[in-house]
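Asks: only geometry, no sequence info:
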């Protein structure tokens, strides 16, 4: 095939990237720098996940290549796919292609690089799943806004429930404070160290006791002592 005719294939993974042009300009610039006098007969842009093999715009780009006897050019190998089977199919399609970030690569090396890219994508996915599972185990709430902010009444009810829970926890901790510091002579830092040494869980059940946490606990207990009905509630 003539090396002076090219069809560029630009891909972004999300519709938002497609609308904003994020990533496209960088790919376009890399392709333009690589051509350096070569004739660009067509440019095809696809908005699709790299894991999918049924990409209609890529099929259109390959059709352009066959019609113009041109070479398919991409800015980076991972713009084609992170899938060995897909790259194998592409190499058997009768269309030559080149990745700007590795112009010396032949069909064998591109196949090897695709295998590495596929492995890397799988490892990223596994690490992400492990990180999310660990965050969930620590009690982190996953996910973003789900479309309901809550009314003022609902927020008030939720805040009241949260306060009752905190008051109840403080009431549970009061006897422990009295046991380890019956006369209230220990400093905040000293009492925090004692609680940590005895393995007493914090008010939230996470982390270690600090002087600040002890101060907040004492302040809440003082309020509860001044208003016994609040703890009873």
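Replies: Cool, the structure landed. Predicted, not measured: the structure shown is a model, and the values here were computed from it. Residues are numbered from 1 along each chain as shown.
Asks: which SS class is residue 42?
Replies: Under DSSP: H, G, I helix; E, B strand; the rest coil, residue 42 falls in the strand class.
Asks: gap between residue 12 and residue 58?
Replies: 13 Å (CB to CB, to the nearest Å). C-beta here means a position set from N, CA and C on the backbone, and glycine is covered the same way.
Asks: shared neighbours, these two?
Replies: residue 46 (CB atoms under 8 Å, 6 or more residues apart in numbering).
Asks: got the domain ranges for the chain?
Replies: 5-127, 152-232 (automatic domain parsing).
Asks: report the mean confidence score over the longest one.
Replies: Read that as domain 5-127. Domain 5-127 shows a mean pLDDT of 75.
Asks: wait, what's in contact with residue 75?
Replies: 10, 26, 27, 28, 30, 31, 99, 100, 101 are the contacts of residue 75 under CB under 8 Å, 6+ apart.
Asks: sticking with the closest residue to residue 138 other than its chain neighbours, tell me its helix or strand.
Replies: Leaving aside its chain neighbours, residue 138 sits nearest to residue 206 (7.2 Å; criterion: CB to CB, 6 or more residues apart in numbering). Residue 206 is located outside every helix and strand, with elements delineated by DSSP states H and E.
Asks: quick one: residue 206 and residue 137 touch, right?
Replies: No - the pair residue 206 / residue 137 is not scored as a contact, 11.3 Å apart, by CB atoms under 8 Å.
Asks: count the neighbours of residue 103 for me.
Replies: 9 (other CB atoms under 10 Å).
Asks: where does the closest residue to it other than its chain neighbours fall, secondary structure wise?
Replies: The shortest distance from residue 103 to any residue other than its chain neighbours is 6.7 Å, reached at residue 34 (CB to CB, 6+ apart). Assigned by DSSP H and E, residue 34 falls within helix 24-35.
Asks: ok, and what's touching that helix?
Replies: Counting by CB under 8 Å, 6+ apart, 6, 8, 10-12, 17-18, 40, 43, 45, 73-76, 79, 98, 100-101, 103 sit against helix 24-35.
Asks: contact partners for the residue most central in space within the chain?
Replies: Nearest to the mean C-alpha position of the chain, by CA atoms, centre = their mean, lies residue 128 at 7.0 Å. Applying CB under 8 Å, 6+ apart to residue 128 gives no contacts.
Asks: against residue 136, how distant is it?
Replies: Taking CB to CB, one finds residue 128 at 13 Å from residue 136.
Asks: can you check residue 200 too?
Replies: Residue 200 is 25 Å from residue 136, by CB to CB.
Asks: what do you get for residue 170?
Replies: From residue 170 over to residue 136 (counting by CB to CB), the distance is 27 Å.
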